[in-house]
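# I would like the atomic coordinates for the input below:
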Amino acid sequence: MTTFYRRLPKVDYFSPRSLSELWEVMQSANGNTYKVFAGGTDVIPNLKRRKGEIPHALVDLKGLRELDYIRYDANAGLAIGALASVHAVAASCLVREHYPALATAAEKIGSIQIRNRATVVGNICNAAPSADTAPALLALDASVCCSSAKGDRLMPLTDLFAGPLRNTLSSGEIVTEIRIPTHRAGSRSCYIKLSPRQTLDLAVVGVAVFLQENGGACEEIRIGLGAVGPTPMRALAAESALRGTRLTPENIDRAARAAAEECSPRDSIRGSAAYRRDMVGVLVKKAIRKILAAGPSGTAC
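Numbers count the residues shown, from 1 in each chain. Predicted structure coming up:
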């Protein structure tokens with residue numbers, strides 16, 4: 001049984017006010033471990049439970065107000081800073097209009113208190129297989145800007161996840177921004193979450209679909225899956241099965257079966273592996289049909 005200690009262990013605390021100050025703090029660690037956080041909705045409860053390694057220091061990013069933004073450009077696409085809250089992303093008119101799957105996914109996270117505190121960047125950096133925003137961002141072809149004292153690098157979101165609760169960030173590196181490209185007019189996206197409760201619950205299965213239709217044919221499709229493998233994943237076989245074909249019920253069924261076959265869920269108290277696999281197929285079909293029902297100019301979510 002996990003004991004909840006209520007109090008944080010004794011650790012050093014740093015609150016840098018600029019990126020240059022952050023790099024100084026991280027470079028001065030001298031071999032001591034530190035934990036970087038923004039909202040802290042995962043980090044702080046885990047520390048109170050003494051879950052995982054206790055760091056020597058906490059580095060709080062909330063003072064870096066330069067990273068609190070949501071920007072959209074018709075050519076460059078969407079940029080979400082590391083301090084943009086989940087609520088701000090869910091409520092953004094720009095996100096809701098151009099990337100509805102992400103807005104829906106953000107709305108499904110925790111309670112309003114959690115959404116006001118948590119960040120979307122933190123949600124993906126935590127690398128939980130059930131993270132709600134991860135399938136939506138994968139389907140939307142997102143990338144992340146990773147920054148350190150040595151400079152910046154851009155990598156696909158798929159490369160961020162190393163395993164359950166493990167990311168591929170190097171020592172001294174943080175994600176400063178999520179980038180999502182502009183999509184052609186008429187493309188649509190949708191996120192569906194299966195959970196016992198509508199709110200305050202983790203996903204048993206999460207499915208996001210991005211679809212570009214052309215005359216009844218599937219020109220482009222991306223399918224993101226959550227809670228059905230060690231990391232959030234793309235259903236690449238299902239995408240290949242549908243891309244370039246007519247969007248008929250038979251072809252959609254075939255793609256849904258492919259998605260169910262390529263995921264690797266596990267048994268847990270939240271649902272058996274067999275149930276989760278079956279529901280992947282059900283939800284992929286439901287998401288595609290929901291997008292098609294919305295029409296070329298509609299918003300699926």
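# ok, the nearest residue to Gly40 once chain neighbours are set aside - how many residues close by?
Spatial nearest neighbour of Gly40, excluding adjacent residues (C-beta to C-beta, 6 or more residues apart in numbering): Arg117 at 7.2 Å. The C-beta positions use only the backbone N, C-alpha and C, and glycine is treated the same way. Residues within reach of Arg117, counting by other C-beta atoms under 10 Å, total 19.
# cool, and Glu97?
Neighbours of Glu97 using other C-beta under 10 Å come to 11.
# quick check, it in a strand?
No - according to DSSP: H, G, I helix; E, B strand; the rest coil, Glu97 belongs to no strand; its state is helix.
# and it, how far from Leu78?
Remark: distance between Glu97 and Leu78 (C-beta to C-beta, to the nearest Å) = 10 Å.
# cool, and Val284?
Relative to Leu78, Val284 is positioned 24 Å away (C-beta to C-beta).
# who has more neighbours, the two?
Legend: neighbour count by other C-beta under 10 Å for Val284 and Leu78, higher for Val284 (28 against 23).
# the more buried one against Ala259, yeah?
Yes - contact criterion C-beta atoms under 8 Å: Val284 and Ala259 qualify, at 4.7 Å.
# please enumerate the shared neighbours of those two.
Both Val284 and Ala259 are in contact with Val207, Ile223, Ala235, Ala238, where contact means C-beta atoms under 8 Å, 6 or more residues apart in numbering.
# out of those residues, which is most surrounded?
Busiest of those [other C-beta under 10 Å] is Val207, holding 33 neighbours.
# stretch 101-118: end-to-end distance?
18 Å (C-alpha to C-alpha, to the nearest Å).
# go through it and flag the buried ones.
101-110, 114-115, 117-118 (16 or more other C-beta atoms under 10 Å).
# same for the lowest-mean-pLDDT helix or strand in the chain, what does it pack against?
Within the chain, no helix or strand scores below helix 43-48, which has a mean of 92 by mean pLDDT, DSSP states H and E. If you count contacts as 3 or more C-beta pairs under 8 Å, 6 or more residues apart in numbering; DSSP states H and E, helix 43-48 packs onto strand 34-37.
# helices or strands up against the strand it packs on?
Short answer (3+ C-beta pairs under 8 Å, 6+ apart): strand 34-37 packs on helix 19-27, helix 43-48, strand 57-60.
# just send those back as CSV, with distance to Ile180 too.
Shown next, in CSV, are those (distance: least, C-beta to C-beta, whole Å):
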stretch, distance to Ile180
helix 19-27, 22
helix 43-48, 25
strand 57-60, 27
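# figure out which of those is closest to Ala149.
helix 19-27 (3.8 Å; C-beta to C-beta).
# what residues does the closest one touch?
Identification of contacts with helix 19-27 by C-beta under 8 Å, 6+ apart yields 14, 16, 34, 36, 59, 61, 64, 66, 147-149, 172, 174, 176.
# and with 10 Å instead?
12, 14-16, 18, 34, 36, 57, 59, 61, 63-64, 66-67, 147-150, 171-174, 176 (C-beta atoms under 10 Å, 6 or more residues apart in numbering).
# so how far does stretch 198-218 reach from one end to the other?
31 Å.
# cool, stretch 150-166 as well?
22 Å.
# ok, back up a step: pull out the buried members of the contacts of helix 19-27.
14, 16, 34, 36, 57, 59, 61, 64, 67, 147-148, 172-174, 176.
# closest one of these to Val89?
Leu67 (13.6 Å).
# just flag the most distant two among the buried residues of stretch 101-118.
Maximum pairwise distance among these (C-beta to C-beta): 22.6 Å, between Ala101 and Arg117.
# residues in contact with the residue nearest the centre of the chain?
The residue lying closest to the centre of the chain (C-alpha atoms, centre = their mean) is Ala134, at 2.2 Å. By C-beta under 10 Å, 6+ apart, the residues touching Ala134 are 105, 120, 123-124, 126-128, 142, 157-158, 160-161, 203, 206, 208, 224-227, 231-233.
# now do 6 Å
Neighbouring residues of Ala134 by C-beta atoms under 6 Å, 6 or more residues apart in numbering: Ile124, Gly226, Pro232.
# switch these over to TSV; also include neighbour count.
TSV is the format used below for the contacts of Ala134 (neighbours: other C-beta atoms under 10 Å):
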residue	neighbour count
Ile124	23
Gly226	30
Pro232	29
